[in-house]
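*Asks:* below are the sequence and a predicted model; questions follow.
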Amino acid sequence: QVQLVESGGGLVQAGGSLRLSCTASGRTFSRYAMGWFRQAPGAEREFVAVVSLSGGAYYADSVKGRFTASRDNAKNTVYLQMNSLQAEDTAVYYCAARSVIGSSTGANYDYWGQGTQVTVSS
């Protein structure tokens, strides 16, 4: 079992920055690829980024160049640095864990956090 807890959400003005954190329980964090997803009101959940076991990251086109995902295995934590935030980034952000291989498809993930709200005012 892996439990995930997100933090770092909040209210920010357009053009601002936030850093989300997701901390995992257990001793096998390094064996999981970590994904970030988001869901805006009335919209479907969408892929944001994924961090592989080695720390390499892959991004959705909508956030490429603005968001940076990273992980610190010593701290059992994955991060999402969000810069140049736009109103369209407003959503609940979730982290998720998948054994070994990352994916941009949420249904492929085994564990999910409770989510953290990000609101960008224009």
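*Replies:* Nice, I can see it. Numbers count the residues shown, from 1 in each chain.
*Asks:* every contact and neighbour count from this point should use C-alpha atoms.
*Replies:* OK.
*Asks:* please, where are all the strands along the chain?
*Replies:* For the chain, the strands identified by DSSP state E occupy 4-7, 10-13, 18-24, 32-39, 46-51, 57-59, 67-72, 77-82, 91-99, 111-112, 116-121, in order along the chain.
*Asks:* so how many other residues sit close to the closest residue to residue 92 other than its chain neighbours?
*Replies:* Counting by C-alpha to C-alpha, 6 or more residues apart in numbering, residue 117 is the residue found nearest to residue 92 once chain neighbours are left out, at 4.3 Å. Summarising burial for residue 117: neighbours were counted as other C-alpha atoms under 10 Å, giving 19.
*Asks:* pretty sure residue 117 contacts residue 94?
*Replies:* No - at 9.0 Å, residue 117 and residue 94 do not qualify as touching, with contact defined as C-alpha atoms under 8 Å.
*Asks:* who is the most centrally placed residue in the chain paired with across the strands?
*Replies:* Most central residue of the chain, judged by C-alpha distance to the mean C-alpha position with C-alpha atoms, centre = their mean, is residue 36 at 2.7 Å. Beta-bridge partners recorded for residue 36 (DSSP bridges): residue 49, residue 95.
*Asks:* now do residue 82
*Replies:* Using DSSP bridges, the beta-bridge partners of residue 82 come out as residue 18, residue 67.
*Asks:* wait, what's in contact with it?
*Replies:* Contact criterion C-alpha atoms under 8 Å, 6 or more residues apart in numbering gives 17, 18, 19, 20, 66, 67, 68 as the residues in contact with residue 82.
*Asks:* list just the nearest of those residues to residue 8.
*Replies:* If you rank the contacts of residue 82 by distance to residue 8 using C-alpha to C-alpha, residue 20 comes first, at 4.5 Å.
*Asks:* ok, now how distant is the closest residue to the closest one other than its chain neighbours from residue 114?
*Replies:* Distances taken as C-alpha to C-alpha, 6+ apart put residue 8 closest to residue 20, at 4.5 Å, once the chain neighbours are dropped. For residue 8, the distance to residue 114 (C-alpha to C-alpha, to the nearest Å) stands at 13 Å.
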